[in-house]
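Colleague: with the input below, show me the fold.
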Amino acid sequence: MASTSTLKQQLVPFLVIGVGCAVIDFGITHSLIEFMGVQRDLAKAVGWVFGTLAAYVLNSKFSFDAKINAKKAGAVFVLYAVTFAVQMVLWRITDSPLTNLGLVNPWKNLVSFVIAQGVATVTNFELQRHLIFREAKKTMAA
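Modeller: Alright, predicted model coming up:
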């Protein structure tokens, strides 16, 4: 039962932080596109950087109760780089089908964002929980 308790202790703050950081990410992305005319992919990349940095710092502390160190930061950087690539691919490939369905901005970008962010969030949680912050999980269960 400790495993279920630990999962809940990690998942709840991870989701709350994730939603907040997704708002930061999409808010920046949307603002850059709509108000500054920044190209769609570049705007997404900039929004992602700010949302991801906030998520890493907050999740390290509140979701996984782990200290930030160079080894973990490097592992998270690799994980985030991979999920960033996945996000960008999903962001791009959903653009045309959503346009063909008649969606226009901001709705088209919001749906693309939710799809890309959803896949990245599940991937990030599972990999961080089982690979990067597994020592913190053991500590929390004790």
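Colleague: from the middle of its chain, how far away would the helix or strand that contains residue 97 be?
Modeller: Under the criterion of DSSP states H and E, residue 97 resides in helix 95-100. Taking the mean of its C-alpha atoms, helix 95-100 sits 23 Å from the chain's own mean (C-alpha atoms, centre = their mean, to the nearest Å).
Colleague: name the residues of stretch 15-25 that are buried.
Modeller: 17-18, 21-22, 24-25 (16 or more other C-beta atoms under 10 Å). Every residue, glycine included, has its C-beta placed from N, CA and C.
Colleague: nearest residue to residue 113 in space, ignoring adjacent ones along the chain?
Modeller: residue 26 (5.2 Å; C-beta to C-beta, 6 or more residues apart in numbering).
Colleague: show me what whichever strand or helix holds that neighbour is packed against.
Modeller: Using DSSP H and E, residue 26 sits within helix 2-36. Contacts defined by 3 or more C-beta pairs under 8 Å, 6 or more residues apart in numbering; DSSP states H and E place helix 2-36 against helix 40-58, helix 107-127, helix 134-141.
Colleague: that older thread, residue contacts, the residue nearest to residue 113?
Modeller: Contacts for residue 26 (C-beta atoms under 8 Å, 6 or more residues apart in numbering) come out as 47, 51, 110, 113, 117.
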